[in-house]
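**Q** Return atomic coordinates for the entry below.
(2 chains)
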Amino acid sequence: MPAQSAHLQMRVPFGDYALGSAYDEMFRADGRPRAHYRNLYTQLLNLPSEDLYRFKKEADLSFFNQGITFTVYGRAEGTEQIFPHDLLPRIVTSSEWATIERGLIQRITALNLFLADVYHERRIVKDRVIPGEIIYTCKHFRRQMQGVRIPRDVYISVAGTDLIRMPDGRFVVLEDNLRVPSGVSYMLTSRKVMKQIFPALFRKCGVRPIEQYSQELLSTLRSLAPEGRSTIVLLTPGTYNSAYFEHAFLARQMGIELVEGRDLVVHDNTVYMRTTSGLQRVDVIYRRVDDDFVDPLAFRADSTLGVAGLFNAYRAGKVVLANALGSGVADDKAIYSYVPKIIRYYLDEDPIVDNVETFLMTDRAQRDEVCGNLEKYVVKAVGESGGYGMLIGPHSSREQQAEFREKILADPRNYIAQPTITLSAAPCFMNGRIEPRHVDLRPYVLFGEKATIVPGGLTRVALRRGSLVVNSSQGGGSKDTWVLLN
Amino acid sequence: MLSRVADSLYWMSRYFERANHCARVLEANHNLMLNPSKLSTEERWQRIMASLGIAPAAGGIDPQSAMVKLTSDAGFESSIAFCIAVSRENAGQVREQISSEMWEGLNSLYHKVTKASANLEADTDPMRLVVAVREGSYQFHGITDATMNHGEGWQFIQLGKYMERSCALPVLLDAYFSRAGEADTLDWVGLLASCAAFESYCKVYTAELRPDSVAEFLLLNPEFPYSVCYAVERMSAAIAAISQTSFTKASVRIERIAGRLRASLAYAQIAEIMIGGVHRCLNDVIEQCESLHAAVHMVYIDYPIQSALEA
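**A** Predicted structure coming up:
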């Protein structure tokens, strides 16, 4: 614990709240609450912890009854648990948000231009901004998409960009999730629950609404539909998918059909769904199925989740898929390191929100530096997400480091490294006490006719003390994110 | 509406009704079994099994374990726990089609049943579960009617519910009327209670319990929700509503089967049925329900694609 916290006397219930080297969302270094957290702070000082316990219980029960659960494998059958949710909101000021918003819109605009270029002229390669082999060796590069024209050249309609806050308070992008980002339903349901629990606080703080997300998503999808046609469906892998709750939730909120691959048939390059009154034509598919699985004839032949013939209908322009197939190139972790260059190249602007410094293992000097000091770095496999295939240097054993060193040397293209960054910390209600836990922020960016971001996003929390891993598959939880009006 | 969705709504509803029916039968019999009777406990349990359409067990029946098996054995296909689980699973497949209140109601009932099933200790515990299901089911029906659009999806739910009832009631009645000669007053009370019908029966016929009056009430009364006639009537109404929203040429065939079944009950007289044998009449109802079920499946759910494209 740093020396500065030793003389700080925090008031109950913050008695055990330790200010570390991370940026603290609520407290300044002198232990006083930041201005935009003062309402919450006062509320917490006056709230007996029994009340917090009761609120916590009510919130959890509400999540449970709504079925926002996941199945715990390897235990007795039917063991369902809710996704851990923290009661205390994470608060972002309107000026911080303004920067994030401009930065993310700039970023998605550039990445869409990049994808259109990658699958057509490849000017960016010819102009030697990015080496061609980095693009063609991407796990999610789809050769089949070469030369395929898609509506408005919009490849990424929905992005879930992971931001983290540096110790100096700046937000930076840690990861672009451009394939089938999930979690937005937690953002929406947690807001609903929070309103039941803290109505007075909402009134006092002036929190910008996020409930319009579903309408925004629907108009984004609609803007991609062919002239005069508008049957939109959401394609899910099915009830066994861990994000199924979200698929059903969004389909219901938008009032569109939730379909599975087996509900769709392709005939004469036209996609139909099987309904009680016969076959009905489908125009736009918001697909929550990975590229690999959408069409067993074009991609993985063993896929039972997709629709045979869908890719041909797509190439023929008879149906729109969002996000477009092949958009995963742009969230490859090696391409990520080029995003600032991509922004400058297509938009002739400096990035508004920065990247985290990233080392490419294909570069000899960078590789030697990282492999010699693995205990300082976070190493990630480029095509993975969800916190899998990762080494967190400072928390790793010598054996794990040796194992990753070998993996890197065997396949340098498959890995990147980043310095270990201490994510910012926010107050969380942990077993009766309020303690800091590390958090990130995933806003959801929509891009159709125009770009929109609902103010807020999913704040993910690393619930284990000191942990930096926020992924839900690895013991992470979430909390509501409040963007203030002013 | 997606065919798969219609199918899930239908089965959600059928299994829910099945659990409900089982709960009613068990609750009615549980109370009566505490009274002495001409029949042995074993024989009475056999009748319960028969009235639920369960094949007699080879090694005889142990009352306490039978109760546990029928209420909480999730591996046993006729148990309440199993039916509620399948119903919820089907609801889970179509969560965006039903209202959130319906899902929450069904989901919390499922968790209640699962939890109760895992903690059966006292011999009163299975009955507690049964009562919870009965109460939960009235609540669920109320929520369904109050919160969901009464459109095609709701009609498939009605169809499932009344199809199940139209199939289950004849089985139950048959178990009693096949041995009508040996039945005493208490047995008829038990049958009526199994259909939650005792009070309603008394309002029509007074408390005088005669087999032909009981048969008339449970088979032909057009106003009582747990009579065969009423269930068939509602089932036909659902079918007519569905064919109005999703008309295909084959809908006509379904309406014809439904209409014939409906008419056979609407214009029947109990005296005639008693002469021809109740069993034959009941069997006829079951057979026609089965062919109706098959026709609905073929026309709305699992039709051949080629024929749909030509249309």
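**Q** mind listing what B:C22 touches?
**A** By C-beta atoms under 8 Å, 6 or more residues apart in numbering or on different chains, the contact set of B:C22 is B:L52, B:L70, B:S78, B:S79, B:I80, B:C83. Yep, even glycine has a C-beta here, placed from its N, CA and C like the rest.
**Q** Would you mind putting those residues into JSON lines with secondary structure, pLDDT and neighbour count alongside?
**A** What follows is the contacts of B:C22, written out as JSON lines (DSSP: H, G, I helix; E, B strand; the rest coil; pLDDT from 0 to 100; neighbours: other C-beta atoms under 10 Å in any protein chain shown):
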{"residue": "B:L52", "secondary structure": "coil", "pLDDT": "94", "neighbour count": "19"}
{"residue": "B:L70", "secondary structure": "helix", "pLDDT": "93", "neighbour count": "25"}
{"residue": "B:S78", "secondary structure": "coil", "pLDDT": "93", "neighbour count": "17"}
{"residue": "B:S79", "secondary structure": "coil", "pLDDT": "95", "neighbour count": "23"}
{"residue": "B:I80", "secondary structure": "helix", "pLDDT": "96", "neighbour count": "28"}
{"residue": "B:C83", "secondary structure": "helix", "pLDDT": "97", "neighbour count": "26"}
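**Q** So which of those residues reach chain A?
**A** Among the contacts of B:C22, no residue is within reach of chain A (C-beta under 8 Å from any C-beta of the partner chain).
**Q** So B:L159 is in contact with B:A237, correct?
**A** No: using C-beta atoms under 8 Å, B:L159 is not in contact with B:A237; the gap is 9.3 Å.
**Q** Looking at these two now, which is surrounded by more residues?
**A** B:L159 (28 against 16; other C-beta atoms under 10 Å in any protein chain shown).
**Q** so the more buried one, which of the three states?
**A** Under DSSP: H, G, I helix; E, B strand; the rest coil, B:L159 falls in the helix class.
**Q** how near is it to chain A?
**A** For B:L159, the distance to chain A (C-beta to the nearest C-beta, to the nearest Å) stands at 11 Å.
**Q** who's in contact with stretch A:294-307?
**A** Contacts of stretch A:294-307 (C-beta under 8 Å, 6+ apart): A:144, A:235, A:237-238, A:260-261, A:264-266, A:271, A:287, A:289, A:291-293, A:308-312, A:321, A:325.
**Q** residues from chain A in reach of chain B?
**A** Counting by C-beta under 8 Å from any C-beta, the positions of chain A adjacent to chain B are A:64-67, A:78, A:239, A:245, A:248-249, A:251-252, A:257-260, A:262-263, A:265, A:267, A:273-279.
**Q** Just the ones in strands from these, please.
**A** Those of the residues of chain A next to chain B mapping onto strands are A:E257, A:L258, A:V259, A:V265, A:H267, A:M273, A:R274, A:T275, A:G278, A:L279, per DSSP state E.
**Q** Which strand or helix spans A:E435?
**A** Using DSSP states H and E, A:E435 sits within strand A:433-438.
**Q** and that strand, what does it pack onto?
**A** Counting contacts by 3 or more C-beta pairs under 8 Å, 6 or more residues apart in numbering or on different chains; DSSP states H and E, strand A:433-438 packs against strand A:425-430, strand A:459-462.
**Q** Using a markdown table, please lay out these together with mean pLDDT and mean neighbour count.
**A** As requested, the helices and strands packed on strand A:433-438 are arranged in a markdown table below (pLDDT from 0 to 100; neighbours: other C-beta atoms under 10 Å in any protein chain shown):
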| stretch | mean pLDDT | mean neighbour count |
| --- | --- | --- |
| strand A:425-430 | 94 | 23 |
| strand A:459-462 | 95 | 25 |
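**Q** Looking at these, spot the one closest to A:I416.
**A** With respect to A:I416, and counting by C-beta to C-beta, the nearest of the helices and strands packed on strand A:433-438 is strand A:459-462 at 20.9 Å.
**Q** From the chain's centroid, how far away is that closest one?
**A** In terms of C-alpha atoms, centre = their mean, to the nearest Å, the centre of strand A:459-462 is set 11 Å apart from its chain centre.
**Q** So what are the sheet partners of the helix or strand just after that strand and their directions?
**A** The C-terminal neighbour of strand A:459-462 among helices and strands, as given by DSSP H and E, is strand A:476-483. Applying DSSP bridges to the sheet, strand A:476-483 is found paired with strand A:85-92 (parallel), strand A:459-462 (antiparallel).
**Q** and the ones you listed as CSV, adding distance to A:Q418?
**A** Output for these, formatted as CSV (distance: least, C-beta to C-beta, whole Å):
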stretch, distance to A:Q418
strand A:85-92, 23
strand A:459-462, 17
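**Q** which one of the ones in strands among the residues of chain A next to chain B is nearest B:A295?
**A** Each of those was checked against B:A295 using C-beta to C-beta; the closest is A:G278, at 16.5 Å.
**Q** Looking at the strands paired with strand A:476-483, spot the one closest to A:F198.
**A** With C-beta to C-beta as the measure, strand A:85-92 is the member of the strands paired with strand A:476-483 nearest A:F198 (7.7 Å).
**Q** avg pLDDT for that closest one?
**A** Strand A:85-92 comes out with an average pLDDT of 95.
**Q** Restricting the selection to alpha carbons, write it to PDB.
**A** What follows is strand A:85-92 as a C-alpha-only set of coordinates in PDB (Å, rounded to 0.1, in the frame of the first residue of the first chain):
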ATOM      1  CA  HIS A  85     -23.700  -7.400 -10.300                       C
ATOM      2  CA  ASP A  86     -22.300  -4.600  -8.100                       C
ATOM      3  CA  LEU A  87     -24.800  -2.100  -6.600                       C
ATOM      4  CA  LEU A  88     -22.700   1.000  -6.800                       C
ATOM      5  CA  PRO A  89     -22.900   2.900 -10.100                       C
ATOM      6  CA  ARG A  90     -19.800   4.000 -12.000                       C
ATOM      7  CA  ILE A  91     -20.100   7.700 -12.800                       C
ATOM      8  CA  VAL A  92     -18.600   9.400 -15.900                       C
END
